[in-house]
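*Asks:* I would like the atomic coordinates for the input below:
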Amino acid sequence: MQFRQHQLRAHARTLRLLLWFGFLLAGLTLAINVLVALAYKLLMPLSQGFPALFFETNSGLIVLFVLGGCLVETQRLRDGGGARVAHWLGGREVSAPDDALERRLLNVVDEMAIASGQPIPRVFVLPREDAINAFVAGWSHGDMALSVTRGALERLTRAELQGLVAHEFGHIKEDDLPLSMRVLALVWGLSLIHGYGQSLMAANDEGHVNPLAWLVGLVVSAAGWMGWMAGRMLQAAVSREREFLADASAVQFTRSKDGLSQVLRKVWHDQQVLAGRMRHPAAGMVASLLLHQPGGSQCMSTHPRLSERIRRICGALQPPLPAPLLRMDVVEPRRRTPPQSEAAVFAANATSAASSDPIAQAMQARQTQLSDERDALGRLQRLSGPTELRLSVLALMMNNGNEREAKLWRRAAEGIHHAEQILSDVAKLSPNRRVIEFERLTQQIAAGSIEERRALVEAGRDLLRSDGRVSPRDRLWWLTLRHRMGVALQKQNYMRPMTGQGKELQQLEPDERAHVATLSAYLARIVPMDESEAGATTAAQAWFSGVMRRCGHWDTAGAPPSPDADALMHALAGVQELSWMLRPVLLKAWVEEAVNHSRQGLLSNDTADALRLAASLIDSPLPPMLASHYATR
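*Replies:* Below you'll find the predicted structure:
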């Protein structure tokens, strides 16, 4: 009997949803026809009447766009289920993480699944969202996905996280998921035209806007604005009582009203200080799925007022509650224990033999070092939050033993519970892995927003000059960081003029040779090919002379000049304008001369890193002689 009641209720809710959709579609069609008719009369005031089938064509196009978008998105959602919605908002699935906060989330999901009697959904984290929010999506128990923002993980206690997750399980228990997925598909169709116009008006990665595209986008967006408004009305028309029911279910599952009430109080405080908004541009499309709608007017809101929800849970209205980052260490057991690795078995078997054999001891120490590095590398590669990625890049750029840089780094990492773990993992990387990780992390950040990239460049600048001086090595790292943060733009519309087409190094023009000489002189200050100061100076002079002779400049006696910052930037811009065939030849000359003037023909790690950073600066592939230094061991 209970199953039959649920079935009848689901049919009634779906029918009511379709009636609302039909009503809004009819109103949208009527409103757009009126606006198009007015525009036609303004543009052609002398015309008599309207063209044949004018209103019929307009109505048909509107219905075609809306229904077509609804059908397409419905099919996509049916194929992808809840995981598609999570991926759509930038979610990353969590399975067996090393991160303690993510392990805590998995354990809480398991607990709430048992308490509610519901199956365990797939779990996702939205790593780029600092707001406190969550949602569950899917058509049935087989394709459910529960997504939680990184802000919720980092700013909610365990009891509060239980209340948040329990609220989402309340939606599962009340069978809200199919209705929410249908709402999402219908809203997508209604907002299709407006969304396309907004995409035309959006700025590129560098923050620039194409004026013509913006103008076209403005017209398209204005035409589709009523559809966007209709989509918001449709979400608001869905009964808000389901949020109260999910809140009540959360209290039932957790046996406590404090967890969820404190979550809502923290969300309330975030909204008052304008920190509760979701970053993803599609967040408004899934507003009806979220714990609470981020922003928006109350008349168009998909959720009841936070104050009313808090009052119903607590029995009295409670004030907003600040939500600082967690500062304590989170200790959680793993969800499942992975099998013992072969390296661990080998280390255990070799312990007794190594106690008396020096060679065996050295092998065991090396094996332990490699194992620690693999573990550290795995943890670094699983980081995904903007703050975590930025801290990792800064840790890779730091000078070992520089107390002022370390102090500034820790100040920037305040509130991140695993900050010291990041610093420890970076320290465990072998020297020939640091630049590789730097390139991987900066490539990942370069795909993000212009704000995140600018914040990283500014933080790197402040870090490297925190001790009151900027060494040549520091400036090279920072210039490479700044250059790599512009990679996304360069790949799209890179139109820099090229010089030196079809030439050899010996055939460079005087101004081109001067640029090469200035940049090479700067690199000569970084490439240390001898441990002693006098030996390093002599080797740097010999290296610079060898490079310039390859460029057809034979008068290279004496120490290379020491360019200032302005001269360096001017020279770097000039070298970057050399042809794409000539820059690898120059890089090869740098590397070969470095090998020729290095002890036993082996590049030191500092020398190789400087040359690899220089290769990144001039957008040149690595020659085999340099790439072999970074071969995986």
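
*Asks:* got a pLDDT number for residue 24?
*Replies:* At residue 24, the model reports a pLDDT of 65.

*Asks:* ignore the last one, residue 145
*Replies:* pLDDT at residue 145 comes out at 90.

*Asks:* with residue 605 instead?
*Replies:* 86.

*Asks:* residues contacting residue 503?
*Replies:* 579, 582 (C-beta atoms under 8 Å, 6 or more residues apart in numbering). Glycine gets a C-beta too; all of them are placed from N, C-alpha and C.

*Asks:* am I right that it is in a strand?
*Replies:* No. Counting by DSSP: H, G, I helix; E, B strand; the rest coil, residue 503 is not found in a strand; it is coil.

*Asks:* and it, how far from residue 585?
*Replies:* Noted for residue 503: a distance of 10 Å to residue 585, by C-beta to C-beta, to the nearest Å.

*Asks:* equivalent analysis for residue 38, please.
*Replies:* Residue 38 is 65 Å from residue 585, by C-beta to C-beta.

*Asks:* ok, those two, which is more surrounded?
*Replies:* Per other C-beta atoms under 10 Å, whichever of residue 38 and residue 585 has more neighbours is residue 585, with 18 against 10.

*Asks:* roughly how far does that one sit from residue 254?
*Replies:* 67 Å.

*Asks:* tell me the pLDDT of residue 285.
*Replies:* Value for residue 285, per-residue pLDDT: 70.

*Asks:* am I right that it is in a helix?
*Replies:* Yes. The assignment for residue 285, made by three-state DSSP, places it in a helix.

*Asks:* burial count for it?
*Replies:* 23.

*Asks:* run a quick neighbour tally on residue 92.
*Replies:* If you count neighbours by other C-beta under 10 Å, residue 92 ends up with 17.

*Asks:* go on, the one 3 residues further on?
*Replies:* Other residues near residue 95 come to 10 when the count uses other C-beta under 10 Å.

*Asks:* please give me every residue in contact with it.
*Replies:* Taking C-beta under 8 Å, 6+ apart as the test, what residue 95 contacts is residue 123.

*Asks:* try 6 Å this time
*Replies:* Residue 95 makes contact with no residue under the criterion C-beta atoms under 6 Å, 6 or more residues apart in numbering.

*Asks:* all strands of the chain, in order?
*Replies:* Ranges of strands in the chain, per DSSP state E, are 92-93, 122-126, 134-137, 145-149.

*Asks:* nearest to residue 570, out of those?
*Replies:* The closest of the strands of the chain to residue 570 is strand 92-93. By C-beta to C-beta, the value is 42.6 Å.

*Asks:* what lies in contact with the closest one?
*Replies:* Strand 92-93 is contacted from outside by 124, 125, 127, 384, using C-beta under 6 Å, 6+ apart.

*Asks:* do the same with stretch 565-572
*Replies:* Contact partners of stretch 565-572, identified using C-beta under 6 Å, 6+ apart, comprise 515, 518, 519, 522.

*Asks:* in it, which residues are buried?
*Replies:* 567, 568, 571, 572 (16 or more other C-beta atoms under 10 Å).

*Asks:* can I assume residue 159 is in contact with residue 260?
*Replies:* No. Residue 159 lies out of contact with residue 260 (C-beta atoms under 6 Å); the separation is 9.4 Å.

*Asks:* who has more neighbours, the two?
*Replies:* residue 260 (31 against 15).

*Asks:* look up the closest residue to that one, ignoring the ones flanking it.
*Replies:* Closest residue in space to residue 260, ignoring its immediate chain neighbours: residue 163 at 3.3 Å, by C-beta to C-beta, 6 or more residues apart in numbering.

*Asks:* to what extent is that neighbour buried, counted in neighbours?
*Replies:* Residue 163: 27 neighbours (other C-beta under 10 Å).

*Asks:* quick one: it from residue 256, how far?
*Replies:* Taking C-beta to C-beta, one finds residue 163 at 8 Å from residue 256.

*Asks:* distance between stretch 420-431 and the chain's centre?
*Replies:* Its chain's average C-alpha position is 21 Å from that of stretch 420-431, according to C-alpha atoms, centre = their mean, to the nearest Å.
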